[in-house]
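S.K.: Fold the following and give me the result.
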Amino acid sequence: MMDFLIPVLRTSVSFILLLFVTFSIGKHIGSHKNYYSFALSVVIGSFIANMGFDTALSFKEMTVAFLTLVILFYLFNSISSRSRSLRKWLSGRPTVLIEKGKLLEENMKKVKFSIDDLNQHLREKNVFNIYEVEFALLEVDGELSILKKKPYQSLTKQDLHIPHSNENLPVELVMDGKVIDKNVDDKYNREWIESEFRKRNLKIEEVYYAVINSNGSLFVDKYKDHLQSPVDVE
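M.R.: Here you go, the predicted model:
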């Protein structure tokens, strides 16, 4: 019985530790925006696997080593946020591959980046003609950031002199047939919600999802959509 119980307990504690670490520093290690966050995510996975399944290793010592690693990462992260020179050393810097429309061959050799690699990354950015690119930088996480030449840049509202209007975050009012009380305020109160639903001949319990969009309009989705042949594809 103990042979069965010990792995269960080790795995449970390891999982709880992983959740704690994820909630604490998950945004830093999950994005893989620099070298050490990527390395840490790999090492954490290895630690958790060994802590949960390898009963030949001391769980106490593994836990101490695991927590030490996390604390060191947190300390380095805190220090690097205050030191630009340390941040460059830990996080690395982007590499310029195209400057003023010219390919920088030496920089491409340094990062082992071929023309085929560059073209693939450009296509992923919906750029099929390299002469459209003014600047291209290879970021630390391997993503390519590009700035197109002015004739090939997309138009903006400012270019068309369209008046700018402020937009707000969407406000979810109803989910699964229930009003989300924390989002109800003086403007979007329960009476206002019921009034809007009455205009649509709906009751709150008939609504699957209702949200005030960023432009201020109300979007309502019912449980019963009455679609003749809904697409059944995930």
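
S.K.: how about low-confidence regions in this structure?
M.R.: 1-4, 24-38, 83-91, 164-167, 225-234 (pLDDT under 70).

S.K.: Helices of the protein, residue ranges please.
M.R.: 2-30, 35-53, 59-80, 84-91, 105-110, 115-124, 190-199 (DSSP state H).

S.K.: Number of residues surrounding the closest residue to residue 67 other than its chain neighbours?
M.R.: Excluding its sequence neighbours, the residue lying closest to residue 67 (Cβ to Cβ, 6 or more residues apart in numbering) is residue 17, at 7.9 Å. For the C-beta atoms, the positions are set from N, CA and C on the backbone; glycine is no exception. Using other Cβ atoms under 10 Å, residue 17 has 19 other residues around it.

S.K.: What distance do you get for residue 17 to residue 148?
M.R.: Counting by Cβ to Cβ, to the nearest Å, the separation of residue 17 from residue 148 is 46 Å.

S.K.: picking that back up, list the contacts for the residue nearest to residue 67?
M.R.: 48, 51, 63, 66-67 (Cβ atoms under 8 Å, 6 or more residues apart in numbering).

S.K.: what residues are up against residue 96?
M.R.: Contacts of residue 96 (Cβ under 8 Å, 6+ apart): 104, 107, 135-137.

S.K.: Ranking by neighbours, what's the top pick from the residues you listed?
M.R.: Result: residue 136 is most packed of the contacts of residue 96 (other Cβ under 10 Å), 25 neighbours.

S.K.: Residue 71 versus that one, what's the distance?
M.R.: For residue 136 relative to residue 71 (Cβ to Cβ), the value is 38 Å.

S.K.: still on that earlier bit, selection in PyMOL covering whichever of the contacts of residue 17 are buried, please.
M.R.: Those of the contacts of residue 17 that count as buried under 16 or more other Cβ atoms under 10 Å are selected in PyMOL with:
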select buried, resi 48+51+63+66
